[in-house]
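**Q** This is the structure alone, sequence omitted:
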């Protein structure tokens, strides 16, 4: 049994469909998020997962540890019990929770409404975004984000508690009902400009997309966002995008059109795989050179494994 299947079985949260999700399912993923967050915390102890509240030793609400008193420490924080027991002054340290805007950007354009194994890319993005959102809520962050389709962009402004996250869920529900179309580079650029306006300096942003539309104008806006925000780019792909099916002749159909393809040529297969890896590496270099984080996930991967990787990466940044 896979990791995600084991936890889903334990929590009684079966996925109803590989091609769609629902508001109730996204809400139920809160329990899965807690399991994911627990796994990620075992890997990173210096910062809360999900690119969220920074862990700062100082005065705050949550106790962190007791250590020997140092010049400059707040004398009001001296632990007199430990001081008496050890014979030397000790002070309490606390975790200071800093509320922070967390924006989850989910691509629901036509290219994401596709999948051959596991689930659709769009559905993976929605479920992964829900898990990350619930983790941010658990960390007392203000959660919001955007959901982009081919003809509109649903904006959920960051809010405390569940309000912003449920508004994001509403955007996902509307996106599933939208008819897939086409998106131009200019439309992508306009969406990013709206995201840039929504994100205040210091915001944590998770972008979940296949990044199929990337040009200089789009990259320039991403660069501007990366200059002021912590960005984690999550590239979603389907196995057939990384590697052609086994050698043979295939017929593809879309919107009433049929296309015959052959995957018998070894050079074509090698070129196809190399092109995918190069695009993935190019995206990784683009974001990492500007201080962002990059991770790729596949529709055939365990959801919990993918979410844990994202949280661990963001937390260690």
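**A** Cool, got the structure. Note that the structure is predicted; figures quoted are calculated from it, not measured.
**Q** burial of the residue nearest to residue 147 when sequence neighbours are not counted, as a residue count?
**A** Ranked by Cβ to Cβ, 6 or more residues apart in numbering and with sequence neighbours excluded, the top spatial neighbour of residue 147 is residue 171, at 3.7 Å. From N, CA and C alone the C-beta is placed, and that goes for glycine too. Residue 171: 23 surrounding residues under other Cβ atoms under 10 Å.
**Q** measure the closest residue in space to residue 203 that isn't next to it in sequence to residue 238 for me?
**A** Distances taken as Cβ to Cβ, 6+ apart put residue 101 closest to residue 203, at 4.3 Å, once the chain neighbours are dropped. In this view, residue 101 and residue 238 are 31 Å apart by Cβ to Cβ, to the nearest Å.
**Q** okay, the two: which has more neighbours?
**A** residue 101 (24 against 20).
**Q** Just the terminal-to-terminal distance for stretch 83-93.
**A** Using Cα to Cα, to the nearest Å, the end-to-end distance of stretch 83-93 comes out at 14 Å.
**Q** for the record, mean pLDDT for it?
**A** Stretch 83-93 shows a mean pLDDT of 88.
**Q** What residues of that stretch count as buried?
**A** Within stretch 83-93, the residues that count as buried by 16 or more other Cβ atoms under 10 Å are 83, 90, 91, 92, 93.
**Q** and what of stretch 186-196?
**A** For stretch 186-196, by 16+ other Cβ under 10 Å, it's 187, 188, 189, 191, 192, 195.
**Q** now do stretch 167-176
**A** 167, 168, 169, 171, 172, 173, 175, 176.
**Q** Mark which of those are part of strands, please.
**A** With strands defined by DSSP state E, no entry of the buried residues of stretch 167-176 lies inside them.
**Q** how about low-confidence regions in the stretch 51-200 of the chain?
**A** The stretch 51-200 of the chain contains residues with pLDDT under 70 at 51-64, 72, 94-99.
**Q** mind listing the helices for it?
**A** 80-86, 121-138, 163-177, 185-198 (DSSP state H, counting those that start in this stretch).
**Q** could you redo those as JSON lines and give each row distance to residue 217?
**A** Shown next, in JSON lines, are those (distance: least, Cβ to Cβ, whole Å):
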{"stretch": "helix 80-86", "distance to residue 217": "59"}
{"stretch": "helix 121-138", "distance to residue 217": "23"}
{"stretch": "helix 163-177", "distance to residue 217": "24"}
{"stretch": "helix 185-198", "distance to residue 217": "5"}
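**Q** so which of these gets nearest residue 285?
**A** Closest approach to residue 285 among these is made by helix 185-198 (19.2 Å; Cβ to Cβ).
**Q** Report the strands that pair with the helix or strand following that closest one, each with its relative direction.
**A** Reading on from helix 185-198 to the C-terminus, the next helix or strand found by DSSP states H and E is strand 204-209. Here strand 204-209 has these sheet partners by DSSP bridges: strand 101-107 (parallel), strand 230-237 (parallel).
**Q** Go through the ones you listed and pick out the most buried.
**A** Comparing the strands paired with strand 204-209 by mean neighbour count (mean count of other Cβ atoms under 10 Å), strand 101-107 ranks first with a mean of 28.
**Q** thought residue 117 was touching residue 242?
**A** No: the pair residue 117 and residue 242 fails to qualify as a contact (Cβ atoms under 8 Å) at a distance of 11.1 Å.
**Q** between these two, which one's more packed in?
**A** residue 242 (15 against 12).
**Q** Quick one: residues contacting that one.
**A** Contacts for residue 242 (Cβ atoms under 8 Å, 6 or more residues apart in numbering) come out as 273, 276, 277, 298.
**Q** And for residue 105?
**A** Here residue 105 is in contact with 145, 146, 147, 148, 195, 205, 206, 207, 208, 209 (Cβ under 8 Å, 6+ apart).
**Q** ok, now with 10 Å
**A** 125, 129, 144-148, 153, 168, 191-192, 195, 198-199, 205-209, 231, 233-234 (Cβ atoms under 10 Å, 6 or more residues apart in numbering).
**Q** quick one: it from residue 128, how far?
**A** Using Cβ to Cβ, residue 105 is found at 12 Å from residue 128.
**Q** Now the common contact residues for those two.
**A** 206, 208, 234.
**Q** The second one and residue 123 touch, don't they?
**A** No: using Cβ atoms under 10 Å, residue 208 makes no contact with residue 123, being 11.4 Å away.
**Q** Out of the two, name the residue with the larger neighbour count.
**A** residue 208 (28 against 25).
**Q** now the more buried one: how far from residue 187?
**A** Using Cβ to Cβ, residue 208 is found at 18 Å from residue 187.
**Q** just residue 251 next, same as before
**A** 31 Å.
**Q** Now residue 269. Nearest residue, chain neighbours left out?
**A** In space, and not counting its chain neighbours, residue 269 is closest to residue 244: 5.2 Å by Cβ to Cβ, 6+ apart.
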